[in-house]
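K.L.:
here is my input; please provide its structure:
(2 chains)
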Amino acid sequence: MIGLEDVSKKYPGQAAPALNGVSFAVEQGDICGIVGLSGAGKSTLIRCITGLERVDRGAIYVGDVDITKLRGAELRQAQRRLGVVFQHFNLLSHRTALGNVMFPLEIARTPAREARRRAEELLDVVGLADKRDTYPAKLSGGQQQRVGIARALATNPDVLLCDEPTSALDPITTQSILELIRQVNADFGVTVLIVTHQLSITQQVCGSLVVIDEGQIVEKGPAQEVLRTPSSRILKAMVTTLSWS
Amino acid sequence: MLFRLLRTALLETVWMVAVSGGISIVLGTLVGAALVFFSDPGLGRDWPINRIFRIDQVLSAIVNVGRSLPFLVLMVAIIPLTRLLVGTSIGTQAAIVPLSIGAIPFAARVVESSMRGVDRGVVEAALVMGASPMEVLFKVMFPEALPSLVLGFTLTLVSLVSFSAMAGAVGGGGLGDLAIRYGYQRFRTDVMIATVVVLIVLVQSIQWVGQAISVAVDRKR
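P.N.:
All right, here's what the predicted structure looks like:
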């Protein structure tokens, strides 16, 4: 469903590449965790997959389209196959919860009536039917992230890309958001990619795991297996923190 | 007599500020938005024309030139242009030309900084949803920046009141003219004090209304 082939990216003025020959594939319907420490290349990876940053080399397939080959309107079209959930929610403050979920539908030129119906439906799914007309500033972090998830699902994407979806939330809210991600994965069959530095959440929801360090993939495979027998220095170090949380 | 003088002068000032304010806010918004648009990698920085010469950098240089001229110098320097546009270089009508031109760069910077204040994450969120640069500008940046834009426009209008007083001193009419001709040259302390009071009330009113609108826009969120 989503696949990277030999993706490399170096920022001008930096000695080491941010991504160096990254390849992995995520099966349709899987929840894949991408873990690494700060500066490992996670953010760059997300920016490349979402099309915010152009790769120097390699291919990124969303479905069967290589998005690195696309530009302008074609790229924007392809981006709708991908829903993105952000660490800091990134909701529009001048729109209500409903308005925020309708935004990607407006961008996709969905007729207003249909967009509204779809947005209401999604707010139901994330459990915020009663907050339709509330502005983001009046919502809690967990509620804002629920709106963010509803918004990401609005255009019915094939892939849900979650960028540190729970890093700004307290432990209890984190659990409810993870539960919601698992639920939409099961109900909609959407493939999920969770990029995070919190190993504990991958242990809970991920089917597969990709470990990234210094711009390279150091480990990948079924999540439980990788977590049980970590081979890379970085994952070994991260796993020791798991028992604490 | 004093009341009549004051009323005429106040109306002239309000007229000058309103017209030049309208013009400079509209054109300043255009320039300010262009400054942001053509310097942003997610929006228009990589547009083909921008590769030949950086529109934002050229505009920015022009804005800096406009900002570096003291208003008094600008007013005198563009007298030929003023004559061309309104047929005369003295009077309230004539003052509107340098006032507008002087305030456009100011308004442009104000708009630019308001728009740069919009959360980067929100802009990128719209971009990854497939929003076009124009959609980002009109559906994200302008509405998100609105409370701050309103305050910026208020600041522009207040600056125009003080510019207009200067324009008045060289034959533009208005409160500045009154203060100089009666208050200063004819030693009419009462006119001077009255003019100052009216100016203070005018500026306070503009600020109060601007702030109220900004808060009203913001409170809805």
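
K.L.:
quick check: residues of chain A near chain B?
P.N.:
A:50-52, A:73, A:75-80, A:82, A:84, A:86, A:88, A:90-94, A:103-104, A:106-108, A:135-137, A:155 (CB under 8 Å from any CB of the partner chain). No exception for glycine: its C-beta is placed from N, CA and C like everyone else's.

K.L.:
now, the residues you listed that are in helices?
P.N.:
A:73, A:75-79, A:103-104, A:106-107 (DSSP state H).

K.L.:
which of these are buried?
P.N.:
Neighbour counting with 16 or more other CB atoms under 10 Å in any protein chain shown marks A:75-76, A:78-79, A:103-104, A:106-107 as buried within these.

K.L.:
pLDDT for the ones in helices among the residues of chain A next to chain B - can I get that in CSV?
P.N.:
Compiled in CSV, these are given as follows (pLDDT from 0 to 100):
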residue, pLDDT
A:Ala73, 88
A:Leu75, 90
A:Arg76, 89
A:Gln77, 88
A:Ala78, 88
A:Gln79, 88
A:Phe103, 97
A:Pro104, 96
A:Glu106, 95
A:Ile107, 93
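
K.L.:
could you pull out the helices for chain B?
P.N.:
For chain B, the helices identified by DSSP H occupy B:2-37, B:48-52, B:55-68, B:71-77, B:79-86, B:92-116, B:120-128, B:133-135, B:142-167, B:174-178, B:189-219, in order along the chain.

K.L.:
where does residue 207 land on pLDDT?
P.N.:
Defaulting to chain A. Predicted confidence (pLDDT) for A:Gly207: 93.

K.L.:
wait, I meant chain B there
P.N.:
Reading off the model, B:Gln207 has pLDDT 97.

K.L.:
do the same with A:Trp244
P.N.:
For A:Trp244, the pLDDT comes out at 55.

K.L.:
ok, now B:Val140?
P.N.:
Value for B:Val140, per-residue pLDDT: 96.

K.L.:
residues touching residue 174, list them.
P.N.:
Since no chain was named, I'll use chain A. With contact set as CB atoms under 8 Å, 6 or more residues apart in numbering or on different chains, A:Thr174 has these partners: A:166, A:201.

K.L.:
actually chain B
P.N.:
B:9, B:12-13, B:16, B:92, B:95, B:164-165, B:167-168.

K.L.:
ok so, going back, which one of the buried ones among the ones in helices among the residues of chain A next to chain B is nearest A:Ile46?
P.N.:
Of all those, A:Gln79 has the smallest distance to A:Ile46: 12.8 Å, by CB to CB.

K.L.:
gap between stretch A:13-29 and the chain center?
P.N.:
With CA atoms, centre = their mean, to the nearest Å as the basis, stretch A:13-29 stands 15 Å off its chain's centre.

K.L.:
so what does A:Arg109 have for phi and psi?
P.N.:
Torsion angles at A:Arg109 (phi, psi; degrees, to the nearest 10) stand at phi 60, psi 40.

K.L.:
residues near it, how many?
P.N.:
Neighbour count for A:Arg109, taken as other CB atoms under 10 Å in any protein chain shown: 7.

K.L.:
alpha carbons of stretch B:95-104, as PDB, please.
P.N.:
In PDB, the C-alpha atoms belonging to stretch B:95-104 read as follows (Å, rounded to 0.1, in the frame of the first residue of the first chain):
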ATOM      1  CA  ALA B  95      -2.400  65.400   0.600                       C
ATOM      2  CA  ILE B  96      -4.100  62.000  -0.100                       C
ATOM      3  CA  VAL B  97      -1.600  61.100  -2.700                       C
ATOM      4  CA  PRO B  98       1.600  61.200  -0.500                       C
ATOM      5  CA  LEU B  99      -0.300  59.900   2.400                       C
ATOM      6  CA  SER B 100      -1.400  56.800   0.500                       C
ATOM      7  CA  ILE B 101       2.000  56.200  -1.000                       C
ATOM      8  CA  GLY B 102       3.700  56.800   2.300                       C
ATOM      9  CA  ALA B 103       1.400  54.300   4.100                       C
ATOM     10  CA  ILE B 104       1.500  51.500   1.500                       C
END
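
K.L.:
want to throw the buried ones among the ones in helices among the residues of chain A next to chain B into JSON lines with distance to B:Glu135?
P.N.:
Putting these into JSON lines (distance: CB to CB, whole Å) gives the following:
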{"residue": "A:Leu75", "distance to B:Glu135": "14"}
{"residue": "A:Arg76", "distance to B:Glu135": "9"}
{"residue": "A:Ala78", "distance to B:Glu135": "16"}
{"residue": "A:Gln79", "distance to B:Glu135": "13"}
{"residue": "A:Phe103", "distance to B:Glu135": "10"}
{"residue": "A:Pro104", "distance to B:Glu135": "11"}
{"residue": "A:Glu106", "distance to B:Glu135": "8"}
{"residue": "A:Ile107", "distance to B:Glu135": "6"}
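
K.L.:
ok, those vs B:Ala194, which is closest?
P.N.:
Within those, proximity to B:Ala194 (CB to CB) peaks at A:Phe103, which comes in at 53.2 Å.

K.L.:
give the contact list for that closest one.
P.N.:
Neighbouring residues of A:Phe103 by CB under 8 Å, 6+ apart: A:92, A:95, A:151, A:154, B:126, B:129, B:139.

K.L.:
what pLDDT does the fifth one get?
P.N.:
To tie it back to what came earlier, the one meant is B:Ala126. Reported pLDDT for B:Ala126: 95.
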